[in-house]
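Visitor: 3D, please:
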Amino acid sequence: MTGYSVIFIAAILDYLIGDPVNIHHPVQTIGWVISSFTKLINKYCHHRLSQRLAGLFLGIIVIIGSGAIAQLIIHIAACVHPFLGIAIQIILLASCFAGRSLRNAATAVLQPLEQSNLSVARSILRNYVGRDTENLTTPEILRATLETVTENATDGVMAPLFYAIVGALIPGVEPVTLAMAYKASSTLDSMVGYLYPPYTYLGWFSARLEDRLTWLPCRLHIFTLGIISRKPLEIWRICRRDAIKDPSPNSGWSECSYAAILGVQVGGINWYRGVAKHKPLLGDPTHPITVKSIYHALNLTRSSFLFWLGTIGLFLLLGITQGWIK
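Guide: Residues are numbered from 1 along each chain as shown. Okay, the predicted model is just below:
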């Protein structure tokens with residue numbers, strides 16, 4: 001029960017505080033390690049085979065190392081005092097959940113947009129998306145924000161929760177261990193998991209591993225959204241029709257599921273460093289994307305998160321009362 005209690009309190013901490021400003025985040029350390037290794041690899045490894053091997057080494061070291069170091073820190077703290085170990089684990093695990101941060105990021109873009117201050121909205125949006133934002137119109141800003149919110153709902157919120165739950169169920173493993181390892185995989189993918197230079201060969205392992213680690217929590221999240229929205233068959237039909245067109249096995253499915261619930265369409269032409277890239281259209285344009293649509297999407301993510309917490313809590317409570325869990 002202790003592992004679930006840690007997850008539950010960490011979820012509350014993320015809901016109330018999120019990532020405090022001006023406090024070093026564990027992902028920043030992971031990012032620094034990845035960046036440092038990447039510079040060394042690009043300096044000394046120029047053949048595609050050596051870059052592939054270096055990418056494999058980088059991925060294994062960062063992912064396993066992140067989880068192992070998190071668990072080591074907790075155990076050392078617990079040796080000082082048991083409550084210190086629990087407190088540090090809660091703080092580290094809360095840093096893996098991006099629910100509050102995702103909402104804050106969306107709000108930061110939407111507030112100036114509602115005041116018709118497009119220049120400020122574009123500038124803030126640039127911090128969260130890879131596409132060019134200088135000339136985006138209001139509908140394009142809304143689409144970009146919704147796509148970011150719905151894509152990151154899976155890898156930023158639900159997948160870390162999934163691996164925290166799995167960690168809590170494995171004897172000798174802490175919830176934060178697997179959650180932090182997944183967070184490292186996600187960070188690797190966002191930093192080097194690209195199909196263009198200088199990451200074409202360096203990032204192959206990170207990109208493929210993150211796709212596989214996210215696959216199951218993504219499908220479970222979509223299934224949960226279907227239950228919450230009371231139209232699982234409709235969501236699955238639209239995802240089977242549209243999401244399979246997206247080259248990513250997860251982000252397209254995540255975005256499409258929300259689009260199906262909201263009755264909106266995402267995807268289309270995006271510009272990256274002046275180059276146009278067409279992303280597949282996901283969902284039906286029954287309704288335009290609005291500020292309300294984005295907050296609805298955020299609330300759906302929160303509901304799915306709470307559904308998972310509640311389901312696991314009830315299962316554990318039932319197991320304890322029936323004697324399955326001691």
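
Visitor: in what helix or strand does the residue lying closest to Phe162 once chain neighbours are set aside lie?
Guide: Nearest residue to Phe162, sequence neighbours excluded (Cβ to Cβ, 6 or more residues apart in numbering): Pro217, at 3.9 Å. (Glycine included, C-beta is placed from N, CA and C.) Take DSSP states H and E as the rule and Pro217 turns out to sit in helix 204-229.

Visitor: do Thr187 as well
Guide: Assigned by DSSP H and E, Thr187 belongs to helix 175-192.

Visitor: between that helix and helix 204-229, how many degrees?
Guide: Angle between the axes of helix 175-192 and helix 204-229 is 120 degrees (criterion: axes from the mean of the first three to the mean of the last three Cα atoms, to 10 degrees).

Visitor: on that earlier part again, dump the residue contacts of the residue nearest to Phe162.
Guide: Applying Cβ atoms under 8 Å, 6 or more residues apart in numbering, one finds that Pro217 lies in contact with Thr154, Met158, Ala159, Leu161, Phe162, Tyr163.

Visitor: again, 7 Å this time
Guide: For Pro217, the contact set (Cβ atoms under 7 Å, 6 or more residues apart in numbering) comprises Thr154, Met158, Ala159, Phe162.

Visitor: hmm, back to that, what does the helix holding Thr187 contact?
Guide: Residues outside helix 175-192 that contact it (Cβ under 7 Å, 6+ apart) are 3, 6-7, 26-27, 30-31, 34, 38, 59, 62-64, 66-67, 70-71, 74, 89, 92-93, 96, 155, 159-160, 163-164, 166-168, 199, 202-203, 206-207, 209-210, 213.

Visitor: now the buried members of the contacts of Pro217.
Guide: Among those, those classed as buried by neighbour count (16 or more other Cβ atoms under 10 Å) are Thr154, Met158, Ala159, Phe162.

Visitor: could these go into a markdown table alongside pLDDT, secondary structure and distance to Val109?
Guide: Putting these into a markdown table (pLDDT from 0 to 100; DSSP: H, G, I helix; E, B strand; the rest coil; distance: Cβ to Cβ, whole Å) gives the following:
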| residue | pLDDT | secondary structure | distance to Val109 |
| --- | --- | --- | --- |
| Thr154 | 96 | helix | 20 |
| Met158 | 97 | helix | 22 |
| Ala159 | 97 | helix | 23 |
| Phe162 | 97 | helix | 27 |
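
Visitor: and which of those is nearest Leu282?
Guide: Thr154 (14.0 Å; Cβ to Cβ).

Visitor: tell me who's in contact with the closest one.
Guide: Thr214, Pro217, Cys218, His221, Asn250, Ser254.

Visitor: of the residues you listed - the most surrounded one?
Guide: Per-residue neighbour counts (other Cβ atoms under 10 Å) across those peak at Ser254, which has 32 neighbours.

Visitor: right, and that one touches Ala153 too?
Guide: Yes - applying Cβ atoms under 7 Å as the test, Ser254 and Ala153 come out as touching, 6.2 Å apart.

Visitor: keeping just the C-alphas, turn stretch 240-252 into PDB.
Guide: Taking Å, rounded to 0.1, in the frame of the first residue of the first chain, the C-alpha atoms of stretch 240-252 are listed here in PDB:
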ATOM      1  CA  ARG A 240      -8.400   3.400 -36.900                       C
ATOM      2  CA  ARG A 241      -9.400   5.600 -39.800                       C
ATOM      3  CA  ASP A 242      -7.000   8.500 -39.200                       C
ATOM      4  CA  ALA A 243      -4.400   7.800 -36.600                       C
ATOM      5  CA  ILE A 244      -2.800   5.100 -38.600                       C
ATOM      6  CA  LYS A 245      -1.800   7.700 -41.200                       C
ATOM      7  CA  ASP A 246       0.500   9.400 -38.700                       C
ATOM      8  CA  PRO A 247       4.100   8.100 -38.800                       C
ATOM      9  CA  SER A 248       4.200   8.100 -35.000                       C
ATOM     10  CA  PRO A 249       2.600   5.000 -33.400                       C
ATOM     11  CA  ASN A 250       1.500   7.000 -30.400                       C
ATOM     12  CA  SER A 251       1.200  10.800 -30.800                       C
ATOM     13  CA  GLY A 252      -1.200  10.500 -33.700                       C
END
